[in-house]
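**Student:** How does the following fold in three dimensions:
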Amino acid sequence: MSVLFVTGTGTEIGKTVTTAAIAAAALARGRSVAVLKPAQTGVTADETGDAAEVERLAGPVTTLELARFPEPLAPATAARRAGLPPVRPQDVVEAAAKLDASHDLVLVEGAGGLLVRFDAEGHTLADAARLADAPVLMVAQAGLGTLNATALTAMALRSYGLDSPGVVIGSWPAEPDLASRCNLADLPEAAGAPLLGLIPEGSGAVPPETFRTTAPDWLAPALGGSDAFRVPS
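**Tutor:** Okay, here's the model as predicted:
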């Protein structure tokens, strides 16, 4: 798995921190990593984007943004309102292929959920992943409502003929409620794929040095994490 797409079952659920954790785990194993952000929205030219945040947390990774739109909207809408050309699936695939030629791992982080539109024709991250013939990791919430959102995302992946290595909970609370605890067992069934990570709540705010040394423990070996990773019972 040299190119991995990362999508959320919604927005603001820990997708960027999850991407950073996977990157940190790969770097700790001596692998070279690139992070591709096809469309960065809601960030002005002088602000830090998601790819730069991954680099801050994970360490020396190659970062690339294909487009940046200032308004916090779906990429297609943000591009149209900004009067800028949208990102096309072929753009994503070509950029990922170039990075793949010189890196051991390329992480392609989407914007929001899997079917958020990139252009006026309705192309999405799923179209890019299908064109790239790459797997798509799902990042989900911990608590109530996540099973439906995860099942819908998994259904969409299957409809595109896409494989998923599994699902990661992007923000695991220090004191999980009943729904969150039950979801540890129920999420793999909803996703049709294993639970491969639990990113502790607030991980993006810890010092980068701490993040880099502890990130492998949050991930299963399938994502380059520690053999000691366990899902709480």
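**Student:** which residues sit against stretch 36-49?
**Tutor:** 50-51, 56, 63-75, 78-79, 86-87, 91-92, 95-96, 99, 106-111, 118, 125, 128 (Cβ atoms under 8 Å, 6 or more residues apart in numbering). C-betas here are computed from N, CA, C, even on glycine.
**Student:** Swap in 7 Å and give it another go.
**Tutor:** The contact list for stretch 36-49, computed with Cβ atoms under 7 Å, 6 or more residues apart in numbering, reads 50-51, 64-73, 75, 78, 87, 92, 95-96, 99, 106, 108-109, 111, 118, 128.
**Student:** ok, now stretch 164-171?
**Tutor:** 13-15, 17-18, 135-140, 142, 150, 154, 157, 187, 191, 193-199, 201, 222.
**Student:** Check the spacing between the spatially most distant residue from the centre of the chain and residue 69 real quick.
**Tutor:** Centroid-distance maximum for the chain: residue 83 at 27.1 Å, with Cα atoms, centre = their mean. As for residue 83, its distance to residue 69 is 10 Å (criterion: Cβ to Cβ, to the nearest Å).
**Student:** got it, and residue 51?
**Tutor:** 14 Å.
**Student:** SS state for residue 170?
**Tutor:** Here residue 170 is recorded as strand under DSSP: H, G, I helix; E, B strand; the rest coil.
**Student:** Please name the nearest non-neighbouring residue to it.
**Tutor:** Nearest non-adjacent residue to residue 170, counting by Cβ to Cβ, 6 or more residues apart in numbering: residue 14, 2.3 Å away.
**Student:** Also residue 73?
**Tutor:** Residue nearest to residue 73 in three dimensions, not counting chain neighbours: residue 41, with 6.0 Å by Cβ to Cβ, 6+ apart.
**Student:** What of residue 100?
**Tutor:** Closest residue to residue 100 apart from its sequence neighbours, by Cβ to Cβ, 6+ apart: residue 106 at 5.0 Å.
**Student:** That neighbour reaches residue 95, doesn't it?
**Tutor:** No. Contact criterion Cβ atoms under 7 Å: residue 106 and residue 95 do not qualify, at 9.0 Å.
**Student:** Between those two, which has more neighbouring residues?
**Tutor:** Comparing residue 106 with residue 95 by other Cβ atoms under 10 Å, the one with more neighbours is residue 106, at 28 against 22.
**Student:** show me the contacts for residue 227.
**Tutor:** The contact partners of residue 227, taken as Cβ under 7 Å, 6+ apart, are residue 221.
**Student:** Phi first, then psi, for residue 68.
**Tutor:** Dihedral angles of residue 68 (phi, psi; degrees, to the nearest 10) stand at phi -130, psi 130.
**Student:** and it, how many neighbours does it have?
**Tutor:** The burial count for residue 68: 18, using other Cβ under 10 Å.
**Student:** how close does it get to residue 51?
**Tutor:** Counting by Cβ to Cβ - residue 68 and residue 51 are separated by 10 Å.
**Student:** for residue 201, same thing?
**Tutor:** As judged by Cβ to Cβ, residue 201 and residue 51 stand 22 Å apart.
**Student:** Look at these two and report which has more neighbours.
**Tutor:** It is residue 51, of residue 201 and residue 51, that has more neighbours when counted by other Cβ under 10 Å, with 23 against 18.
**Student:** so that one sits in a helix?
**Tutor:** Yes. Counting by three-state DSSP, residue 51 is part of a helix.
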